[in-house]
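[1] Based on what follows, work out the 3D shape:
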Amino acid sequence: MTGSGKTIGIIMIVVGIAIALVAALFFASGTASGRATSSAMILGFGLVFVVVVLPLVGVGGFMFVKGRQEAAAFAEVEKEKKVLNMVLTQGQVRVGEAALELNATLDQVKEWIYDLVGKGLFTGYINWDEGILYSRQASEMGTNKCPNCGGQLELAGKGVVGCPYCGTEIFLS
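    Predicted coordinates:
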């Protein structure tokens, strides 16, 4: 159902514009035939515009914008899911290759990795010098020794432990 907000928004905008055009033609024909005065036409059209057209177009525009935002957020989640699937199925993934495959920048892939760690969906480590992301279960990793160089690890942030010697970051859930 992603994108349904955009579709409904567009439909509401089109219906609102159609109602405005029909009302304008109705009131213009009434004035042209002499059945209504121009002031009655302006009042009638103003009421239709304020009561029917403006809310339809306004709510439709809001739904369209929200639908676009939701679609963009869903696309981000799908890319995070692809990164997670890549590293879990292969065991290790070059960050550059993941960026190329997902048509993203290295910074975007890094952001997705940190987001997955923050959500508790990924454990493993990354060696930024080599640009390789490794999937490991937290129980398999000795959290006091770096899996890359064997150095003593230091807490670097929520769910992240860093090696001060080689720059490797270990992600724990």
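[2] what residue ranges in the protein score low on pLDDT?
    1-3, 137-143, 155-159, 173 (pLDDT under 70).
[3] residue ranges of the helices in it, please?
    Ranges of helices within the chain are 4-32, 38-48, 54-90, 95-101, 106-118, based on DSSP state H.
[4] As a markdown table, the ones you listed with distance to Pro147 and mean neighbour count would be great.
    For the C-beta atoms, the positions are set from N, CA and C on the backbone; glycine is no exception. Listed next are these as a markdown table, based on distance: least, Cβ to Cβ, whole Å; neighbours: other Cβ atoms under 10 Å:
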| stretch | distance to Pro147 | mean neighbour count |
| --- | --- | --- |
| helix 4-32 | 45 | 15 |
| helix 38-48 | 70 | 14 |
| helix 54-90 | 15 | 15 |
| helix 95-101 | 17 | 16 |
| helix 106-118 | 16 | 18 |
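[5] Okay, the residue most central in space within the chain and Lys66: tell me how far apart.
    Central residue of the chain (Cα atoms, centre = their mean): Ala73, 1.2 Å from the mean position. The spacing between Ala73 and Lys66, counted by Cβ to Cβ, to the nearest Å, is 10 Å.
[6] ditto for Ile126
    Ile126 sits at a distance of 35 Å from Lys66 (criterion: Cβ to Cβ).
[7] And Gly34, by the same measure?
    Taking Cβ to Cβ, one finds Gly34 at 46 Å from Lys66.
[8] just Phe45 next, same as before
    For Phe45, the distance to Lys66 equals 30 Å [Cβ to Cβ].
[9] tell me the domain ranges of this protein?
    4-73, 91-171 (automatic domain parsing).
[10] for the ones you listed, which one sits closest to Lys82?
    domain 91-171 (6.0 Å; Cβ to Cβ).
[11] Quick one: end-to-end distance for that closest one.
    Start-to-end span of domain 91-171 (Cα to Cα, to the nearest Å) is 14 Å.
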